[in-house]
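Chemist: I'll drop the sequence and a predicted model, then ask my questions.
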Amino acid sequence: MDALKPARLVWDEEGQPFCPEFSDYYFSKQGGLEESRHVFLEGNALLKRWANKERFVIGEWGFGTGLNLLAVWELFSTCKAPPKELVFVSFEGFPLTGDDLARAH
């Protein structure tokens, strides 16, 4: 099996990570975490769907900068009645390097 190749990022003049290979920014310039909250948390109705669950599993394709994971963790840790067990599984074909991940946050 071939080793994973890290994403090749370009940082724009505002410090936003951009992937030229896919012509795409990793998150909204207006606020990546807010975008994750709106699209990922609210769009998937996570609070409603995990209510009264013993175990809840989230599967994600495309870890990117990990903002969805951070948003889920924030929601889970502040929720009044979270599931007893939360499993978050994410796959990434082009993972960020440690330096790029740190810079993105």
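Modeler: All right, it came through fine. None of these values were measured; they are calculated from a predicted model.
Chemist: mind listing the helices for the chain?
Modeler: Ranges of helices in the chain, per DSSP state H, are 32-36, 46-50, 67-78, 98-104.
Chemist: and these: which comes nearest residue 8?
Modeler: Proximity of these to residue 8 was assessed by C-beta to C-beta; the nearest stretch is helix 98-104, lying at 9.4 Å. From N, CA and C alone the C-beta is placed, and that goes for glycine too.
Chemist: what helices or strands is the closest one leaning on?
Modeler: Applying 3 or more C-beta pairs under 8 Å, 6 or more residues apart in numbering; DSSP states H and E, one finds that helix 98-104 makes contact with strand 17-19.
Chemist: got a markdown table for the helices of the chain, with mean pLDDT too?
Modeler: Listed next are the helices of the chain as a markdown table, based on pLDDT from 0 to 100:
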| stretch | mean pLDDT |
| --- | --- |
| helix 32-36 | 93 |
| helix 46-50 | 95 |
| helix 67-78 | 97 |
| helix 98-104 | 93 |
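Chemist: can you redo those helices as CSV with distance to residue 58 and mean neighbour count?
Modeler: Shown next, in CSV, are the helices of the chain (distance: least, C-beta to C-beta, whole Å; neighbours: other C-beta atoms under 10 Å):
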stretch, distance to residue 58, mean neighbour count
helix 32-36, 12, 18
helix 46-50, 8, 15
helix 67-78, 6, 17
helix 98-104, 20, 14
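Chemist: name the residue closest to the centre of the chain, please.
Modeler: What sits nearest the mean C-alpha location of the chain, by C-alpha atoms, centre = their mean, is residue 68, with 2.7 Å.
Chemist: from what I see, that residue and residue 36 are in contact.
Modeler: Yes. Residue 68 is within contact range of residue 36, at 5.1 Å (criterion: C-beta atoms under 8 Å).
Chemist: so where's the protein uncertain?
Modeler: Within the chain, the segments meeting pLDDT under 70 span 1.
Chemist: do that again at 90, thanks
Modeler: Scanning the chain with the threshold set as pLDDT under 90 gives 1-5, 14-15, 27-31, 81, 105.
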